[in-house]
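Peer 1: coordinates only, sequence not included:
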């Protein structure tokens, strides 16, 4: 057997190749197919555990809007997800893999909570502004650490930002069990509930974090699409060599963008602590930083679409909780259903960028 024949024999029958950009109508069709397959697969799972799939899906939708309280709960899930997704979008657009949104949310909440706990006597609006700035600073500083190591030593930002999440989590645990422990609850480790003066005002019955989220979405959209800095981060994300050739200071752009990315995530932490929770706890981020990564990619790093995708995630999350309580389905089964639906929806993104190609037959095969 010749060496050429042996080489061909070792090639797989199918291999993955990068495809050209799909027309818009094809991407819409692919997403619709993925959504239908997700519903079918989720329905089969529900049927296998003895539930009526149509009833489950109906409960998910109705459960989010059946009452004013249910709608408010859905929005509370939506708000931190939108803000965190906007934060990681800036980093991802620059090809900086910020997996540390969870930690940046936590540190934003920690910085803001200091003023809520120890400066609650300040005038309300001054306190709110200071807490907003503190949240942004906390998240920005936490994002700055891996960025400085990246630009100085070219460290792996994925691992670095991921590990900082756990350090931030244990900082809250330290504060809860030590200097910030609630003296009115001896024997039970927790941080005191914030004074009403240190919590976000409500707009239409929901804490005003939703207003902040909308404003941030508008600001980030304008920044990314209509500002010089947004253009620069896109160029750096496309090719650092091109950015250097164009005379851009790549290190400065990386630091500036990550300060913004972490700062926005930190604002999400401030909103969650002072709006939804009215306290600081180890669950302040609640996995939102990781979910934000999925939302950002599904939205194709588009701030406007982020709001829509986040709303769908919030509906799925809130609706699944209603299914658990109303239909007696375990939390594990509800999580499996969410996982099945997300598997198909996220999986379709693969086919936007790649396709399977059969091995070409050579002469003599």
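Peer 2: Okay, I see it. All values derive from a computational prediction rather than experimental measurement.
Peer 1: so where is this protein shaky, pLDDT-wise?
Peer 2: When residues are selected by pLDDT under 70, those of the chain lie in 1-11, 359-365.
Peer 1: nearest the geometric middle of it, what residue?
Peer 2: The residue lying closest to the centre of the chain (Cα atoms, centre = their mean) is residue 292, at 0.9 Å.
Peer 1: and that one, how far is that from residue 259?
Peer 2: Residue 292 sits 18 Å away from residue 259, taking Cβ to Cβ, to the nearest Å as the criterion. Every residue, glycine included, has its C-beta placed from N, CA and C.
Peer 1: who's in contact with the residue nearest to the centre of the chain?
Peer 2: If you count contacts by Cβ atoms under 8 Å, 6 or more residues apart in numbering, residue 292 has them with 81, 84-85, 87-88, 101.
Peer 1: what strand or helix carries it?
Peer 2: helix 288-298 (DSSP states H and E).
Peer 1: what comes up buried for that helix?
Peer 2: For helix 288-298, burial by neighbour count (16 or more other Cβ atoms under 10 Å) applies to 288-298.
Peer 1: ok, longest helix in this protein?
Peer 2: The residue-count maximum for a helix in the chain (DSSP state H) belongs to helix 124-153.
Peer 1: buried residues in that helix, which are they?
Peer 2: In helix 124-153, counting by 16+ other Cβ under 10 Å, buried: 127-128, 130-143, 145-147, 150-151.
Peer 1: same check on stretch 17-30?
Peer 2: Quick answer for stretch 17-30 (16+ other Cβ under 10 Å): residue 27.
Peer 1: and that stretch, how far apart are its ends?
Peer 2: Stretch 17-30 has an end-to-end distance of 18 Å (Cα to Cα, to the nearest Å).
Peer 1: 33 is where my numbering starts, stick with that
Peer 2: Happy to do that; since the first residue is 33 now, the last one works out to stretch 49-62.
Peer 1: what sits up against that stretch?
Peer 2: 380, 383-389.
Peer 1: how far out from the middle of the chain is it?
Peer 2: 25 Å (Cα atoms, centre = their mean, to the nearest Å).
Peer 1: check stretch 216-232 too.
Peer 2: 27 Å.
Peer 1: mind listing what's buried in that stretch?
Peer 2: In stretch 216-232, counting by 16+ other Cβ under 10 Å, buried: 222-226, 230-232.
Peer 1: which two of the residues you listed have the greatest separation?
Peer 2: Spanning the widest gap among the buried residues of stretch 216-232 are 222 and 232, at 20.5 Å by Cβ to Cβ.
Peer 1: that older thread, so which of the contacts of residue 324 comes closest to residue 245?
Peer 2: Of the contacts of residue 324, the one sitting nearest to residue 245 (Cβ to Cβ) turns out to be residue 113, at 8.8 Å.
Peer 1: where does that closest one sit: helix, strand or coil?
Peer 2: Assigned with DSSP: H, G, I helix; E, B strand; the rest coil, residue 113 falls in the helix class.
Peer 1: follow-up on the earlier one: can you redo the contacts of stretch 49-62 as TSV with distance to residue 200, secondary structure and neighbour count?
Peer 2: Shown next, in TSV, are the contacts of stretch 49-62 (distance: Cβ to Cβ, whole Å; DSSP: H, G, I helix; E, B strand; the rest coil; neighbours: other Cβ atoms under 10 Å):
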residue	distance to residue 200	secondary structure	neighbour count
380	33	coil	19
383	36	helix	16
384	34	helix	15
385	33	helix	12
386	35	strand	12
387	40	strand	13
388	41	strand	11
389	44	strand	11
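Peer 1: return the closest of those with respect to residue 286.
Peer 2: Nearest to residue 286 among these, counting by Cβ to Cβ, is residue 385 at 24.8 Å.
Peer 1: mind listing the strands for this structure?
Peer 2: Taking DSSP state E, the strands of the chain run over residues 46-50, 234-235, 238-239, 386-390.
Peer 1: okay, now the sheet partners of the second one, with direction.
Peer 2: Paired neighbours of strand 234-235 in the sheet (DSSP bridges): strand 238-239 (antiparallel).
Peer 1: then the first one?
Peer 2: Take DSSP bridges as the rule and strand 46-50 pairs in its sheet with strand 386-390 (antiparallel).
Peer 1: now do the partner strand: distance to the chain's middle.
Peer 2: 30 Å.
Peer 1: neighbouring contacts of that strand?
Peer 2: By Cβ under 8 Å, 6+ apart, strand 386-390 touches 45-51.
Peer 1: again with stretch 78-93
Peer 2: Contacts for stretch 78-93 (Cβ under 8 Å, 6+ apart): 71, 74-76, 347-348, 351-352, 354-355, 358-359, 361, 365, 369.
Peer 1: do the same with stretch 151-171
Peer 2: 119, 136-137, 139-144, 146-148, 226-227, 229-230, 232-233, 294-303, 306.
Peer 1: quick one: distance of that stretch to the chain centre.
Peer 2: Centre to centre, stretch against its chain (Cα atoms, centre = their mean), the figure for stretch 151-171 is 24 Å.
Peer 1: next: stretch 74-88.
Peer 2: The answer for stretch 74-88 is 28 Å, by Cα atoms, centre = their mean.
Peer 1: and what of stretch 331-348?
Peer 2: Relative to the centre of its chain, stretch 331-348 is centred 10 Å away, using Cα atoms, centre = their mean.
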